[in-house]
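>>> only geometry, no sequence info:
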């Protein structure tokens, strides 16, 4: 195998198509995916594989209006997941996510679990409004967030083409329930949202993939209060934060009585076999109904495009990349 570094994605896929490269590990853009999906001669060279990953909108449980459970539930009902999937290029780049961990890590469990189901996964104003009416930020029970904290809510996005497509969708959807977002696009947004002292209310940049084939690698890093750190934090929602921890990392806002799932994580980590899988499944359900830190919207596939001379190709599920076995 000869590996070549090329920083120009368009050039990479042009050379793969021409047969100058045999394979690539550079995620194809929605434009490239559409080109291959609609071509009878090219389609067979595009190989999608389950990526063991979840893309999600993260909401900060310490920042108004997302410090209210009903607001977070309303966000899950209002977001047009089908439109976000289309922004990524449609069903080939990934299936619509309905909960935290991809079902493949539960051996197919929770495949049908969809606590915020809406027609064609396109969002529901009626269901979102019904949830919003129960929020303290909708004292008049109008179905919209009418409090001042619902104005100019900062959402951190990135500058990738897909983010530029997604951000207006999320902005328009949130406005349907009275949450008016101010989009801040940052080139490489992760350092911004990974610093709790920045007190970012919401972000569409977040994505997480397994470190190894066990759901623990989602829950421990993303929801354990003990994982919250000053820099490089991956528990963006600050699930399990305490006032003492908030002071240490510089987080402000509603830092008392934030839900924790630390005991659940500890219990599941000790279990084995099917009991372990069931335990993680139950925690997934708890997070989606009692804590609700995310709006999961996509379980991405890893899509690879190979050159015309490639006759055999295998996927390595552990590394989520090509298997160098042939």
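The structure has been received and is ready for your questions. Predicted model only: the values in this text are computed from it and were never measured.

>>> within the helices and strands, which one has the closest residue to residue 87 other than its chain neighbours?
Distance criterion CB to CB, 6 or more residues apart in numbering; nearest residue to residue 87, sequence neighbours excluded, is residue 165 at 4.1 Å. For every residue, glycine as well, the C-beta is placed using N, CA and C. Per DSSP states H and E, residue 165 falls inside helix 161-175.

>>> where exactly do the strands run in this protein?
46-50, 53-59, 94-95, 153-157, 181-185, 202-203, 207-209, 294-305, 315-316, 321-322 (DSSP state E).

>>> the fourth one vs strand 181-185, what angle?
Read that as strand 153-157. 30 degrees (axes from the mean of the first three to the mean of the last three CA atoms, to 10 degrees).

>>> quick one: strands adjacent to strand 153-157?
Applying DSSP bridges to the sheet, strand 153-157 is found paired with strand 181-185 (parallel), strand 202-203 (parallel).

>>> what's it in contact with?
Here strand 153-157 makes contact (CB atoms under 8 Å, 6 or more residues apart in numbering) with 65, 163-164, 166-167, 170-171, 174, 179-186, 189, 192-193, 200-205.

>>> how about 10 Å then?
57-59, 63-66, 145, 163-164, 166-168, 170-171, 174, 179-186, 189-190, 192-193, 198-206, 236 (CB atoms under 10 Å, 6 or more residues apart in numbering).

>>> do the same with the first one
Strand 46-50 is touched from outside by 23, 28, 32-33, 35-37, 39, 91-95, 102-105, 299-306, 310, 313-317, 320-322, with contacts defined as CB under 10 Å, 6+ apart.

>>> what about 8 Å?
28, 33, 36-37, 92-93, 102, 104, 299, 301-306, 313, 315, 317, 320.

>>> run the chain-centre distance for it.
The chain centre lies 19 Å from the centre of strand 46-50; the measure is CA atoms, centre = their mean, to the nearest Å.

>>> do the same with the second one
Relative to the mean C-alpha coordinate of its chain, strand 53-59 is positioned 2 Å out (CA atoms, centre = their mean).
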